[in-house]
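Participant: fold the stuff below for me.
(chains A and B)
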Amino acid sequence: MVEFLTSTVGLSGWLAWTIAAVVSAVLVLNVIAGGALAFIWAERKVSARIQDRLGPTRTGGRFGWLQSVADGIKLLAKEDLMPQGADGLLFRLAPYVSFCASFCAFIALPFAFDVVGQRLNVAVFFVVAVLGLEVFGVILAGYASASKWSLFGAMREAAQVVSYEVPLGMCVVVPVMIAGTMDMVTIAEKQAGWFWNWYIFHDPFTFVIFWVYVTCAVASVNRAPFDLAEAESELVAGFHTEYSGLRWSYFFMAEYGSMFLVSAMAAVLFLGGWNGPVPLASLAGLSAGTGDTAPYVVRLLGLANLVAKASLGVIVMMWIRWTLPRLRIDQVMATCLKYCTPIAAVMFAGAMLWKIALPGGLVPGLSRPGGEIREGWLPGPGGAAIPGESTRDGSLARVTP
Amino acid sequence: MTPTLIADVSGVALPVAAINWHALFFLLFAGIACGFAVAVVAADNVVRMALYLVLSLAATAGLFLLAGAEFLGAMQLMIYVGGTLVLLVFGVMLTAQGPLVTLASAGGDRALAGVVGAALLGMLVLAGLSVPAWRQPASGAVVEPAAAPLGMALVGVRVDDPTANAPAGVRPGYLLPFEIVSVHLLVVLVGAAYLARAKRRKTPRAIEVAASVEPPAAVAEHAAIGRDAALRTGSVLSGGPA
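Facilitator: Residues are numbered from 1 along each chain as shown, chains lettered A, B, ... in the order given. Okay, the predicted model is just below:
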């Protein structure tokens, strides 16, 4: 985009950079805000259907499309309350901390080939690191509310998120290990082709670890059955008991943003990213690299793919939420420490052994048609870090001196 | 992000474009980091101190990212801002009661701390100015930020510098320091688990002694006697102080 602005439009460098940065930021912000609106409506409809109800039917037509907008107007009009004993600064700041953490993580998330706010070499790590910061807003909210319910909720959330970061990190490392890079664009590009190239079908261990990832992801974004921080049967509303109006909705925008984020991460790491189950674009002869319109078509197709996968992930989370009962805190901890962590560790070792023993996959020739995309620091043929450029046998072991 | 940014901005001609974005963001992040570092010391409330510390550390992560050290920046966010601070907040909120919630320091303490801090700062500034290479603007090869060479070096393969002046058969990686740190962390973990485990009572209760020492037949007999005693005295608590 910067190249386009400088060369075609003729803007000077600093202006082009500023415009590109603002456009990226605004787009990401709208993904979160618009996504939250859509997902809140979807949550109402999904929960209603699961409970054999209809959900919103009147606001804005037959399916209640405008229910989220009506919700938003209601929240804007609500009185902004603060408890008397609250720590004013921290109470006001907490929702923004949560929201900023969710927002920052989106910067490194690729939506299609090269459609990414900022392509980071350590994107996976960055996203996991930033996602863990969301808990800080919750802790601040719980402390600053001067309410026992809030504090209990915050404590539970802190314990839960800190514990689940361990198995989540282990799950995330497996695709990174198979791809040989933490760059999410490259990881997704390596899964190009038919759906059996996706890392979830790479070997049995990655298939298992995908489900561990799903469990940990649901827990790390505090959705039911792991939503102990806001267990309404015990804690009124948990950490956001004292919040109302727009401040309260910031927490929910952060929550829906994080849900979309972990789903998109699952899509990129395990489900082929923006590569569809059937490589429609390459079958039609389109490529992301050349031509006037083809790159745009390919990227739009990829964007649609990724958004569809991530939205499906969010819908699955809603399905889980409205189907399973809430766990107790000891069950939450047992799930993490006694099941998720050991399973993730064993699967990590298994995936590693598989990668060494069967570098070409179970059926040689079936998978990896795109070849191995290599990082720029690797010597040898095709060493340039251009995704799409391929060398046939690019195992890491070959380049060790 | 930054390497191209520097190159791009330095070549523009407009007077407005003389804004050096790199320097601007550096000053911004550095200002945030230093300002909140001072705020940590100046604040009275423990939780607010923790918040300021988080912000200061996050701004430091921003400085790392600005310098193109993406791995280090993410690491800073993960370890300091994410992990340590959550644990710190845990500790603070679970332990701080009454007088400890507000930590107002006396005037003498502040003066002493100010002198020590100023001395350290002066030493750092002098040390920094004494390096001639640091006085000019940075120049030289822009290194492609990549975490993979670092990871390979951790397992003992220096892909970035394969022809290092090492004797044959020795790989100048970071494997040994890495392992030493791992063992150190393991020791710390074991120690923490030892300290945090449930303590055994010094004088075990009679029922526990009975369960652990006596053979099953004797236990049954003991229980029967207890039940008889309970029946006699009309107490429902068998084995209780009849």
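
Participant: what segments of chain B are helices?
Facilitator: Per DSSP state H, chain B carries helices over the ranges B:2-10, B:21-42, B:46-66, B:70-75, B:85-95, B:107-129, B:148-154, B:175-196, B:206-213, B:216-233.

Participant: do the same with the stretch 251-400 of chain A
Facilitator: Using DSSP state H, counting those that start in this stretch, the helices of the stretch 251-400 of chain A run over residues A:280-283, A:294-323, A:329-334, A:341-357.

Participant: go on, the stretch 101-250 of chain A?
Facilitator: Using DSSP H, counting those that start in this stretch, helices in the stretch 101-250 of chain A cover A:123-131, A:134-144, A:148-179, A:184-189, A:204-220, A:232-235, A:245-269.

Participant: and the angle from the longest one to helix A:204-220?
Facilitator: Going back to what we said before, that points to helix A:148-179. 160 degrees (axes from the mean of the first three to the mean of the last three CA atoms, to 10 degrees).

Participant: cool, and the last one?
Facilitator: Using the same axes, to 10 degrees, the interaxial angle of helix A:245-269 with respect to helix A:204-220 works out to 180 degrees.

Participant: got the angle for helix A:245-269 vs helix A:123-131?
Facilitator: 160 degrees.

Participant: care to break chain B down by domain?
Facilitator: Domain assignment for chain B by automatic domain parsing gives B:1-104, B:201-242.

Participant: wait, what's in contact with the spatially closest residue to residue A:228 that is not a sequence neighbour?
Facilitator: Among residues not flanking residue A:228 along the chain, residue A:156 sits closest, at 4.5 Å (CB to CB, 6 or more residues apart in numbering or on different chains). Where C-beta positions appear, they are placed from N, C-alpha and C, glycine not excepted. Contact analysis of residue A:156 by CB atoms under 8 Å, 6 or more residues apart in numbering or on different chains lists A:228, A:229, A:231, A:238, A:329.

Participant: now for the last one, how many residues are close by?
Facilitator: Right, the one you point to is residue A:329. Other residues lying near residue A:329 total 15 when counted by other CB atoms under 10 Å in any protein chain shown.

Participant: who's in contact with it?
Facilitator: Counting by CB under 8 Å, 6+ apart, the residues that residue A:329 touches are A:156, A:159, A:160, A:228.

Participant: the second one against residue A:333, yeah?
Facilitator: Going back to what we said before, that points to residue A:159. Yes: in this structure, residue A:159 is within contact of residue A:333 by CB atoms under 8 Å, at 7.4 Å.

Participant: where does chain B have its least confident helix or strand?
Facilitator: Lowest on mean pLDDT, DSSP states H and E among the helices and strands of chain B sits helix B:2-10, with a mean of 39.

Participant: pLDDT averaged over stretch A:160-168, what's the number?
Facilitator: In this model, stretch A:160-168 carries a mean pLDDT of 84.

Participant: close to chain B, is it?
Facilitator: Yes: shown here: stretch A:160-168 in contact with chain B (CB under 8 Å from any CB of the partner chain) through A:161, A:162, A:165.

Participant: put the alpha carbons of that stretch into CSV.
Facilitator: Taking C-alpha atoms only, stretch A:160-168 is exported to CSV below (Å, rounded to 0.1, in the frame of the first residue of the first chain):
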residue,chain,number,x,y,z
GLN,A,160,-7.3,-19.6,35.0
VAL,A,161,-5.6,-17.5,32.3
VAL,A,162,-2.1,-18.0,33.9
SER,A,163,-2.6,-21.7,34.0
TYR,A,164,-4.0,-22.1,30.5
GLU,A,165,-1.2,-20.1,28.9
VAL,A,166,1.0,-23.1,29.4
PRO,A,167,-0.9,-25.7,27.3
LEU,A,168,-1.9,-23.0,24.9
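
Participant: run a quick neighbour tally on the closest residue to residue B:40 other than its chain neighbours.
Facilitator: Setting aside the residues directly before and after it, residue B:40 is nearest to residue B:52 in space (CB to CB, 6+ apart), at 4.5 Å. Other residues lying near residue B:52 total 20 when counted by other CB under 10 Å.

Participant: report the contact partners of residue B:52.
Facilitator: B:36, B:37, B:39, B:40, B:43.

Participant: for chain A, where's the lowest mean pLDDT among helices and strands?
Facilitator: For chain A, judged by mean pLDDT, DSSP H and E, that is helix A:2-4, with a mean of 63.

Participant: ok, the residue nearest to residue A:273 when sequence neighbours are not counted to chain B distance?
Facilitator: Nearest non-adjacent residue to residue A:273, counting by CB to CB, 6+ apart: residue A:188, 2.6 Å away. Distance of residue A:188 to chain B, given as CB to the nearest CB, to the nearest Å: 17 Å.

Participant: shouldn't residue A:188 be in contact with residue A:272?
Facilitator: Yes: between residue A:188 and residue A:272 there is a contact under CB under 8 Å: 6.9 Å.

Participant: on that earlier part again, which of the helices of the stretch 101-250 of chain A has the lowest mean pLDDT?
Facilitator: Among the helices of the stretch 101-250 of chain A, helix A:232-235 scores lowest, at a mean of 72.

Participant: run through who's touching that one.
Facilitator: Counting by CB under 8 Å, 6+ apart, A:149, A:152, A:153, A:238, A:241, A:326 sit against helix A:232-235.

Participant: for chain A, longest helix please?
Facilitator: Per DSSP H, chain A has its longest helix at helix A:13-50.

Participant: show me how chain A divides into domains.
Facilitator: A:1-77, A:84-358.

Participant: most tightly surrounded among these?
Facilitator: Highest mean neighbour count among the domains of chain A (mean count of other CB atoms under 10 Å in any protein chain shown): domain A:84-358, with a mean of 21.

Participant: any idea how far it is from the chain center?
Facilitator: 4 Å (CA atoms, centre = their mean, to the nearest Å).

Participant: between the helices of the stretch 101-250 of chain A, which one is nearest to residue B:71?
Facilitator: helix A:123-131 (7.2 Å; CB to CB).

Participant: angle of the closest one against helix B:46-66?
Facilitator: 160 degrees.

Participant: tell me the helices and strands packed up against helix A:123-131.
Facilitator: Under the contact criterion of 3 or more CB pairs under 8 Å, 6 or more residues apart in numbering or on different chains; DSSP states H and E, helix A:123-131 touches helix A:88-107, helix A:148-179, helix A:184-189, helix A:245-269, helix B:70-75.
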